[in-house]
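In: Quick check, what structure comes out for this input:
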Amino acid sequence: MQYCKFHLFVRCTYLKFVYNYLTFDFVFLIVSSAVTNLTLSDIMANKANVSWSEPCYINDINLIYSITIQQNISDTDTNHTIKTVSTTNVSTELSDLLPFRNYTVSVAPVNSIATGPSQNKYFRTQISGTKHKMLF
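Out: Model (predicted):
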């Protein structure tokens, strides 16, 4: 019996290999690449909109996005995860934020194999838009 050893380095999701008149078909399921063009808009005191473009390499038909919102706490130099949501859309509204706070939003593609690399953006919510009367 003859043994063969092959080292394959591929950047595709399908490969056809012929050896001694036998055809082998391989389907590789790999993690999607990172999203692109991550953008924040309409940043208010308690909400913001985030949008992005699909990854260059999706590698699956069932792609969702995992969005994580973290509040950056400067006193302790740590991040506190506020919430994580999932969507199939390429945009979402971040709500229930606190005024004049620093946040990080991370968006990662998730396919049936695993979670892909995330893209991060930092932002600060505005000070509350309500006017306060000063009493003397």
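In: Flag the shaky bits of this structure, pLDDT-wise.
Out: 1-29, 60, 75-77, 129-136 (pLDDT under 70).
In: what distance separates the start and the end of stretch 54-65?
Out: 10 Å (Cα to Cα, to the nearest Å).
In: I meant stretch 92-106, not that one.
Out: End-to-end distance of stretch 92-106 (Cα to Cα): 12 Å.
In: and that stretch, which residues are buried?
Out: Using 16 or more other Cβ atoms under 10 Å as the test for burial, stretch 92-106 gives 92, 94, 97, 101, 103-106. Backbone N, C-alpha and C define where each C-beta goes, glycine included.
In: Contacts for that stretch, please.
Out: 38, 40, 45-51, 67-72, 74, 79, 82-83, 85, 118-128 (Cβ atoms under 8 Å, 6 or more residues apart in numbering).
In: So which of these belong to strands?
Out: In this view, these that belong to strands under DSSP state E are 38, 40, 48-51, 67-72, 79, 82-83, 85, 119-124.
In: Just the buried residues of these.
Out: For those, buried by 16+ other Cβ under 10 Å: 38, 48, 50, 67-72, 79, 82, 119, 123.
In: Just name the closest of those residues to Ser32, please.
Out: The closest of these to Ser32 turns out to be Gln119 (Cβ to Cβ; 12.1 Å).
In: Which residue, neighbours along the chain excluded, lies closest to that closest one?
Out: Distances taken as Cβ to Cβ, 6 or more residues apart in numbering place Leu38 nearest to Gln119, at 4.5 Å, with adjacent residues excluded.
In: Contact partners for the one you found?
Out: Per Cβ under 8 Å, 6+ apart, neighbours of Leu38: 50-52, 105, 107, 119-121.
In: Which pair of those spans the longest distance?
Out: Once Cβ to Cβ is applied, the contacts of Leu38 give Ser51 and Asn120 as the farthest pair, at 14.6 Å.
In: check contacts around Ile64.
Out: Counting by Cβ under 8 Å, 6+ apart, Ile64 touches 86-88, 109-110.
In: gap between the closest residue to Thr87 other than its chain neighbours and Met44?
Out: Excluding the flanking residues, the one nearest Thr87 by Cβ to Cβ, 6+ apart is Tyr65, at 5.5 Å. Counting by Cβ to Cβ, to the nearest Å, the gap between Tyr65 and Met44 amounts to 22 Å.
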